[in-house]
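Visitor: The following block contains a protein sequence and its predicted model.
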Amino acid sequence: MITKFLAWLSKTSHQEPKEPNVWLDESTNLTWELKTKDNWELMYYRNDSAKQRPTEYQIQNQVKINEDCLTAEDYVRHLNEIMHGGYSDWRLPTINELRSLYDKETKSMNYVVSSLSRIAYLSADHDETNTLIFDYGTGNVGKYDINNLLWVRCVRGETPPFLEHHHVVESFTMFYGVVIELNNILKTKENVLQYVYTSQYLNKYHPDLPPVDEKLQQQAQRCFNETAFAFNCFPATTMHNHFEKNTQLELIQQWRLWRSTK
């Protein structure tokens with residue numbers, strides 16, 4: 001009896017711990033699906049109309065699919081049916097929710113979700129031809145053909161106000177492109193903070209920032225004004241103010257400034 005007990009004890013003590021299957025990001029209050037060794041490589045179509053057999057190219061590149069769960073919607077439904085992590089309200093993340101897991105300063109994905117992760121994921125944001133994706137290899141948002149396969153990571157919880165956006169795919173990518181030009185000038189989080197927020201706000205919440213580089217800030221403002229003008233958003237007009245507000249919001253999202261201002 002003692003021998004059997006010791007054998008059982010030895011066996012159980014060497015069993016691998018069960019992998020956690022969800023993670024709560026306390027900065028956004030969103031709960032994320034954590035991938036496992038069984039599903040982290042599976043790819044999905046964006047919607048039912050795109051269902052098709054993998055192409056020869058995809059087969060050669062070892063694309064992995066589940067014949068019983070071909071689309072992102074199928075996968076969301078599956079997680080909810082099995083009460084993954086004890087929840088039944090899983091959904092596809094928005095593009096801002098996806099990139100909330102990326103740190104632009106360190107150019108890396110959040111370490112909790114990065115161990116079993118692919119390079120890019122589908123978002124809930126799409127139109128008739130494209131869906132927005134986030135590429136964690138480059139830290140960029142991109143448009144992706146809605147008929148192609150890609151990886152999916154689900155989320156649950158209410159989208160926090162500081163991650164909301166009201167753009168369609170085309171306008172989202174437009175503001176994203178505008179901000180790329182500004183980032184080429186501003187380069188650092190400190191410079192972006194000084195571009196987006198007033199000196200009064202910065203003195204109160206970021207008193208340790210270095211002195212403002214006036215020449216650099218003026219260069220960034222000129223770049224913005226020229227871009228706004230190209231889109232017929234003229235100074236002192238409602239259109240210009242709207243364009244400026246959305247550009248600032250995009251900077252806030254890309255640099256995750258909401259982590260210190262929410």
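Guide: It's in. Residues are numbered from 1 along each chain as shown.
Visitor: By mean pLDDT, which helix or strand of the chain comes out lowest?
Guide: helix 2-13 (a mean of 45; mean pLDDT, DSSP states H and E).
Visitor: The following helix or strand past that one pairs with which strands?
Guide: Heading C-terminal from helix 2-13, the first helix or strand you meet, by DSSP states H and E, is strand 22-25. Strand partners for strand 22-25, identified by DSSP bridges, are recorded as strand 30-33 (antiparallel).
Visitor: mean confidence score for the strand it pairs with?
Guide: Mean per-residue pLDDT for strand 30-33: 97.
Visitor: Can you point out the buried residues in that strand?
Guide: Of all the residues in strand 30-33, those buried under the rule 16 or more other C-beta atoms under 10 Å are 30-33. Backbone N, C-alpha and C define where each C-beta goes, glycine included.
Visitor: and that strand, how far out from the chain's middle?
Guide: Mean-position distance between strand 30-33 and its chain equals 12 Å (C-alpha atoms, centre = their mean, to the nearest Å).
Visitor: same check, this time on stretch 203-219
Guide: 28 Å.
Visitor: Then stretch 211-220?
Guide: For stretch 211-220, the distance to the chain centre is 29 Å (C-alpha atoms, centre = their mean).
Visitor: what's in contact with that stretch?
Guide: Contact with stretch 211-220 is made by 182, 185-186, 191, 194-195, 199, as judged by C-beta atoms under 8 Å, 6 or more residues apart in numbering.
Visitor: Are any of these buried, and if so which?
Guide: In these, the ones that pass as buried (16+ other C-beta under 10 Å) are 182, 185-186, 191, 194-195.
Visitor: rewinding a little: which among the buried residues of strand 30-33 gets closest to residue 252?
Guide: Lowest distance from residue 252 to these (C-beta to C-beta) belongs to residue 30, with 17.3 Å.
Visitor: Look up how far residue 234 lies from the closest one.
Guide: Distance, residue 30 to residue 234, by C-beta to C-beta, to the nearest Å: 39 Å.
Visitor: cool, and residue 227?
Guide: Distance of residue 227 to residue 234, given as C-beta to C-beta: 12 Å.
Visitor: more neighbours, those two?
Guide: Between residue 227 and residue 234, counting by other C-beta atoms under 10 Å, residue 227 is the more crowded of the two (18 against 12).
Visitor: Next, the more buried one: secondary structure please.
Guide: At residue 227, secondary structure determined by DSSP: H, G, I helix; E, B strand; the rest coil is helix.
Visitor: which non-adjacent residue is nearest it?
Guide: Among residues not flanking residue 227 along the chain, residue 178 sits closest, at 5.3 Å (C-beta to C-beta, 6 or more residues apart in numbering).
Visitor: ok, so of the contacts of stretch 211-220, who is nearest residue 250?
Guide: Residue 250 has its nearest neighbour among the contacts of stretch 211-220 in residue 182, at 9.0 Å by C-beta to C-beta.
Visitor: Surely the closest one and residue 247 touch.
Guide: Yes. Taking contacts as C-beta atoms under 8 Å, residue 182 lies within contact range of residue 247: 7.3 Å.
Visitor: which neighbours do the two share?
Guide: residue 224.
Visitor: right, and residue 239 touches residue 232 too?
Guide: Yes. Between residue 239 and residue 232 there is a contact under C-beta under 8 Å: 7.2 Å.
Visitor: how about the strands in the protein?
Guide: For the chain, the strands defined by DSSP state E cover 22-25, 30-33, 102-103, 108-109, 120-126, 130-135, 140-145, 155-156.
Visitor: so which of these gets nearest residue 223?
Guide: Closest to residue 223 of the strands of the chain, according to C-beta to C-beta: strand 140-145, at 19.3 Å.
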